[in-house]
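K.L.:
Generate a structure from the sequence data that follows.
(2 chains)
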Amino acid sequence: MSDQNAGNLADEALVSLYLESQSSLYFDELYRRYAAKIYGKCISLLRNEAAAADATQDIFMKLLLNLSRFSGQSKFSTWVYSITYNFCIDVIRKQKKRQMQSSAPEDLPEEEVQEISDAELLEIKVDRLKMVLDEMNPNDKVILLMKYQDGMTIADIAEGMALTESAVKMRIKRSKHKCKAIYDKLFQNEKR
Amino acid sequence: MRNNFQRLQEEELTTYPQPPARIKEDINHSQNMFQLVGNVIDLFIPKLFQMIASMLGGGGSTVDEAPENKPPRYPNIES
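P.N.:
The predicted structure is shown next:
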């Protein structure tokens, strides 16, 4: 099969063809589709280009070694992004263990968390959203990116992060609350 | 219609640099190594087991088991 034909195939088809044939053509196509996105997510979370490059390489090696475990129950992109986020969170956790513990998402009692509507979050301007996300704890940031940027379902996030669906819902609620609080703090004197 | 999170990702993809070429080279190198190791295992492990089996006395000569060397099942019938 030619490069052009591989380019027309769905991710899931490329995975099965790679597993059948072990031909690097199919894995190369998956790399072409996801390398920039994974690298971008790593830079956004790790904030260091060299660390992001190392992480991207390690993530692709994980993908290569675990492709046979991809069950096809969720989209391939969902599986890839879950691996990416978990890998980056592990790297950050190792780098800043103490800071992460002090700002873990469980630090607010449930009754203190106000429900923030999706509309409130989605109307924040892109440049401000970037500033707000940069201020957030990586755990909170990742769960918002999974839901709103990658369009993952609650079930997908729960599977990707090894959590229950109710825990995911609570984390999303808390992360939205924190996002709004940081936004208000940064831009309290300005209108959206 | 893309939301603000998705637009942010698009903007970041255009502003962040492309992943370094060495990442792909290293992955290709590892992929080739895995394939080589896999091929070596495929070729030599069965042979190794055969050798061990024959050293232990199993899987003996197939000459005795050839049909022409076996005694007839029914001695009174010409084969």
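
K.L.:
Pull out the buried residues from the helix ranked longest in chain B.
P.N.:
Secondary structure of chain B read by DSSP state H shows that its longest helix is helix B:21-55. Residues of helix B:21-55 classed as buried by neighbour count (16 or more other Cβ atoms under 10 Å in any protein chain shown): B:23-24, B:27, B:31. Just so you know, the C-beta spots here come from the backbone N, C-alpha and C atoms, and that holds for glycine as well.

K.L.:
In a markdown table, list the residues you listed along with pLDDT and distance to chain A.
P.N.:
As requested, these are exported to a markdown table (pLDDT from 0 to 100; distance: Cβ to the nearest Cβ, whole Å):
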| residue | pLDDT | distance to chain A |
| --- | --- | --- |
| B:I23 | 93 | 5 |
| B:K24 | 93 | 6 |
| B:I27 | 92 | 5 |
| B:Q31 | 88 | 6 |
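
K.L.:
If we only consider these, which is nearest to A:K130?
P.N.:
Nearest to A:K130 out of those is B:I23 (Cβ to Cβ; 24.7 Å).

K.L.:
Was I right to think the closest one contacts A:F60?
P.N.:
Yes. Counting by Cβ atoms under 8 Å, B:I23 does reach A:F60; the two are 7.1 Å apart.

K.L.:
Name the residues contacting each of the two.
P.N.:
Here B:I23 and A:F60 share the contacting residues A:A35, scored by Cβ atoms under 8 Å, 6 or more residues apart in numbering or on different chains.

K.L.:
Check the secondary structure at A:G151 for me.
P.N.:
coil (DSSP: H, G, I helix; E, B strand; the rest coil).

K.L.:
And for A:G72?
P.N.:
coil.

K.L.:
residue contacts, the residue lying closest to it once chain neighbours are set aside?
P.N.:
Nearest residue to A:G72 in three dimensions, chain neighbours excluded: A:E12, at 5.8 Å (Cβ to Cβ, 6 or more residues apart in numbering or on different chains). If a contact means Cβ under 8 Å, 6+ apart, then A:E12 has A:72, A:75-76 as its contacts.

K.L.:
Go again with 10 Å.
P.N.:
By Cβ atoms under 10 Å, 6 or more residues apart in numbering or on different chains, A:E12 lies in contact with A:70, A:72, A:75-76, A:79.

K.L.:
Quick check: ChimeraX command selecting the buried ones in these.
P.N.:
To isolate the buried members of those in ChimeraX, using 16+ other Cβ under 10 Å:
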select /A:70,75,76,79
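
K.L.:
Name the weakest-confidence residue in the contacts of A:E12, if you would.
P.N.:
pLDDT across the contacts of A:E12 is lowest for A:G72, at 83.

K.L.:
measure that residue to A:M161 for me?
P.N.:
A:G72 sits 19 Å away from A:M161, going by Cβ to Cβ, to the nearest Å.

K.L.:
Check A:S21 too.
P.N.:
For A:S21, the distance to A:M161 - Cβ to Cβ - is 32 Å.

K.L.:
before we move on, what about A:Y183?
P.N.:
A:Y183 is 24 Å from A:M161, by Cβ to Cβ.

K.L.:
I'd like the buried residues of helix B:21-55 as JSON lines, with distance to A:K125 appended.
P.N.:
JSON lines is the format used below for the buried residues of helix B:21-55 (distance: Cβ to Cβ, whole Å):
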{"residue": "B:I23", "distance to A:K125": "33"}
{"residue": "B:K24", "distance to A:K125": "35"}
{"residue": "B:I27", "distance to A:K125": "37"}
{"residue": "B:Q31", "distance to A:K125": "43"}
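
K.L.:
between the contacts of A:E12, which is nearest chain B?
P.N.:
Closest approach to chain B among those (Cβ to the nearest Cβ): A:K75, at 15.4 Å.
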